[in-house]
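Trainee: coordinates only, no sequence provided:
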């Protein structure tokens, strides 16, 4: 997938399910895209300590960037 990045490094092309991304508010966590929605938003999740899963739905593409980690 060809990636076009702005000067802030935020991804400008569509993401794919399974890609690892970082969420603007939580850059210390690596999230996985689990769903892409028709309105252009995404569902992402990450595994926290133990068995807790942190999941966000309807995340705007502008809030995500591909993880280089």
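Mentor: Perfect, I can see it now. It should be emphasised that the depicted structure is a prediction, and the values quoted were computed from it without experimental measurement. Numbering: from 1, shown residues only.
Trainee: now the residue most central in space within the chain: how far from residue 50?
Mentor: Among the residues of the chain, the one closest to the centroid is residue 21, at 3.8 Å (C-alpha atoms, centre = their mean). Using C-beta to C-beta, to the nearest Å, residue 21 is found at 22 Å from residue 50. Every C-beta, even on glycine, is put in place using the N, C-alpha and C of the backbone.
Trainee: swap in residue 44?
Mentor: 19 Å.
Trainee: partners of residue 54 in the sheet?
Mentor: residue 46 (DSSP bridges).
Trainee: doesn't residue 29 make contact with it?
Mentor: Yes - here residue 54 reaches residue 29: they are 7.2 Å apart, a contact under C-beta atoms under 8 Å.
Trainee: okay, buried residues for stretch 29-41 please.
Mentor: By neighbour count on 16 or more other C-beta atoms under 10 Å, the buried set for stretch 29-41 is 29-33, 36, 41.
Trainee: identify the residues contacting residue 61.
Mentor: Listed by C-beta atoms under 8 Å, 6 or more residues apart in numbering, the contact set of residue 61 reads 11, 14-15, 40-42.
Trainee: wait, residue 64
Mentor: Taking C-beta under 8 Å, 6+ apart, one finds 10-11, 15, 21-24, 31, 33, 42, 44 in contact with residue 64.
Trainee: of those, grab the buried ones for ChimeraX.
Mentor: In ChimeraX, a selection of the buried entries from the contacts of residue 64 looks like this (16+ other C-beta under 10 Å):
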select :11,15,21,22,23,31,33,42,44
